[in-house]
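1. give me a 3D structure for the following:
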Amino acid sequence: MKKKSEVKSQKSEVRKCKSAEEKIKKSAYCIPLTPYSLFLTAFCLLLTAYCLLSLSGCTRRDKMFKESRVLMDTFCTVTVVSPSEEKAKDAFEAGFNEIKKLDKYLNNFTPDSEISAVSKSAGIKPVRVSKETLDLLEKTIGISDITDGAFDPTIAPVLKLWKFSGRPANPSIPPGDAIKNALKLVDYRKIQTNKKTSEIFLKEKGMELDLGGIAKGYAADKAVEAIKVKGIKAALVAIAGDIRGYGLSTSGKAWKVGIQDPRPENPNSEKPWEDIFLTLYLKDSAISTAGDYQRFLIKDGKRYHHIIDPVTGYPSESGLISVSVVAPEGYIADGTDTAILILGAEKGMKLLNSKGLDGILVDSQKRVFITKNLKGKIEILNKGYELAN
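-> The predicted model follows:
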């Protein structure tokens, strides 16, 4: 028979667990940037998902710790499962330092970044860069290849005309002639990389790189690597809506994530990321979302959004309004979601199936297309959305 003191102690522990669970459920979401956010910048290609961290049970050994900072011009949140606060803090520093370092290398809005240096030397000379910048660019070229150029990192001259990513953003419809001229500088096949010398060269003068559509996913990957080195057995890294997770939450389940409603009932809300239309579990993988609702302008009743087709120089008109890709690594999910939104549902599903990736595609009629592996693994929360297959 248990002593009264033991029973009292156990009841106290239960109350603590319930209190912790309530607090996490109230606060545990990964905040992406929106058109209404003070931190909106070029790196916000968003997808915009938040993380529903569940804590259905507590253990005396492992606890969940979470910390957020503003890096890469957006909110970054790292959640770890750790036996101690001290170990969790070490993991936070390792993860955030990795993100901070990559931002310094990859931010094309920073004049002294490596990517800016490559663009300034286009058509003139190769530029020596860090192993991380070279690695990401080679991976990016790989994404461009498998998407037939739908994702092209040399789209920068066209993006600058639309001004969706300016500081501050001031989107407007560019003249047709300007778009036509800028398109002449868009061709990822004119990027040269040299692994031996760690150099990058853009063949034509006037070309520019913009890795905003893939950098956050890559940074999440590298942050996870740094956190693992610290001995953390489970973590979730969210850089805006680019999320990479591994291990299990303290509930013993995979991480539960939500995808933002691309057509919320209240589009003028100051916190549109709280309107989630679909949830799924993320286990040892990454998810990224691209949507036409993240940055856009409406003129004469037509929506012009920030995801520009490298072929036409105009916003994609594929019929898709949101694309989420689940992949083994963040950079794959981050680059592929943008390409699929441009390619459309039919080509997008073929691409996902051919590469063994999972995806959730939403069209303008609120039909939801999913890959076979996700059947029975998602939950649609909002009315008006229905599975198309």
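
2. below-threshold pLDDT in the stretch 251-389 of the chain: ranges please.
-> Low-confidence segments of the stretch 251-389 of the chain (pLDDT under 70): 267-274, 389.

3. buried ones in stretch 299-315?
-> Across stretch 299-315, burial judged by 16 or more other CB atoms under 10 Å covers 304, 305, 306, 307, 308, 309, 310, 313, 315. Where C-beta positions appear, they are placed from N, C-alpha and C, glycine not excepted.

4. okay, and which of these map to strands?
-> 304, 305 (DSSP state E).

5. any chance of CSV for the buried residues of stretch 299-315, columns distance to residue 254?
-> Shown next, in CSV, are these (distance: CB to CB, whole Å):
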residue, distance to residue 254
304, 37
305, 31
306, 31
307, 29
308, 34
309, 35
310, 35
313, 40
315, 35
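
6. widest-spaced pair of the buried residues of stretch 299-315?
-> Farthest-apart pair in the buried residues of stretch 299-315 is 304 and 310; separation 16.2 Å (CB to CB).

7. so what strands line up beside the helix or strand containing residue 200?
-> Using DSSP states H and E, the element containing residue 200 is strand 199-202. Applying DSSP bridges, strand 199-202 is found paired with strand 127-128 (antiparallel), strand 191-194 (antiparallel).

8. let's have those in CSV, adding mean pLDDT.
-> Converted to CSV, these look like this (pLDDT from 0 to 100):
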stretch, mean pLDDT
strand 127-128, 98
strand 191-194, 98
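
9. ranking the ones you listed by burial, who's on top?
-> Burial of the strands paired with strand 199-202 is given as mean neighbour count (mean count of other CB atoms under 10 Å); strand 127-128 ranks first at a mean of 17.

10. after it, next one along is what?
-> helix 131-146.

11. what average pLDDT does that following helix get?
-> For helix 131-146, the mean pLDDT works out to 98.

12. list the buried residues for the next helix or strand along the chain from it?
-> Scanning forward in sequence from helix 131-146 by DSSP H and E, the next helix or strand is helix 156-162. By 16+ other CB under 10 Å, the buried positions in helix 156-162 come out as 156, 157, 158, 159, 160, 161, 162.

13. for the last one, what are its contacts?
-> Which is residue 162. Neighbouring residues of residue 162 by CB atoms under 8 Å, 6 or more residues apart in numbering: 171, 172, 173, 174, 304, 306, 308, 315.

14. let's see it at 10 Å
-> Residues near residue 162 by CB atoms under 10 Å, 6 or more residues apart in numbering: 169-174, 179, 182, 295, 297, 304-306, 308, 313-315.

15. buried residues in stretch 216-231, which are they?
-> Buried, per 16+ other CB under 10 Å, within stretch 216-231: 216-224, 226-228, 230.

16. just the residues you listed: which are in strands?
-> Checking those against strands, none of them qualifies (DSSP E).

17. so which of these are in helices?
-> 216, 217, 218, 219, 220, 221, 222, 223, 224, 226, 227, 228 (DSSP state H).

18. what's the closest of the residues you listed to residue 339?
-> residue 217 (12.7 Å).

19. just the pLDDT for that closest one.
-> 98.

20. so it makes contact with residue 288?
-> Yes: taking contacts as CB atoms under 10 Å, residue 217 lies within contact range of residue 288: 5.4 Å.

21. overlap in contacts, the two.
-> Common neighbours of residue 217 and residue 288, using CB under 10 Å, 6+ apart, are 45, 47, 239, 241-244, 325, 327, 330-337.

22. as CSV, could you dump the C-alpha coordinates of stretch 115-133?
-> Output in CSV follows, covering the C-alpha atoms of stretch 115-133 (Å, rounded to 0.1, in the frame of the first residue of the first chain):
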residue,chain,number,x,y,z
ILE,A,115,26.1,35.4,-52.4
SER,A,116,26.2,39.2,-53.0
ALA,A,117,29.9,38.9,-53.8
VAL,A,118,29.2,36.2,-56.4
SER,A,119,26.5,38.4,-58.0
LYS,A,120,28.7,41.5,-58.1
SER,A,121,31.4,39.5,-59.9
ALA,A,122,29.1,38.0,-62.5
GLY,A,123,30.7,37.8,-65.9
ILE,A,124,34.0,39.0,-64.4
LYS,A,125,35.6,36.4,-62.1
PRO,A,126,34.9,33.4,-59.9
VAL,A,127,34.4,34.1,-56.2
ARG,A,128,35.8,31.8,-53.4
VAL,A,129,33.1,30.9,-50.9
SER,A,130,32.6,28.8,-47.8
LYS,A,131,32.0,25.1,-48.1
GLU,A,132,28.4,25.6,-46.9
THR,A,133,27.6,28.2,-49.6
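
23. understood, closing this out.
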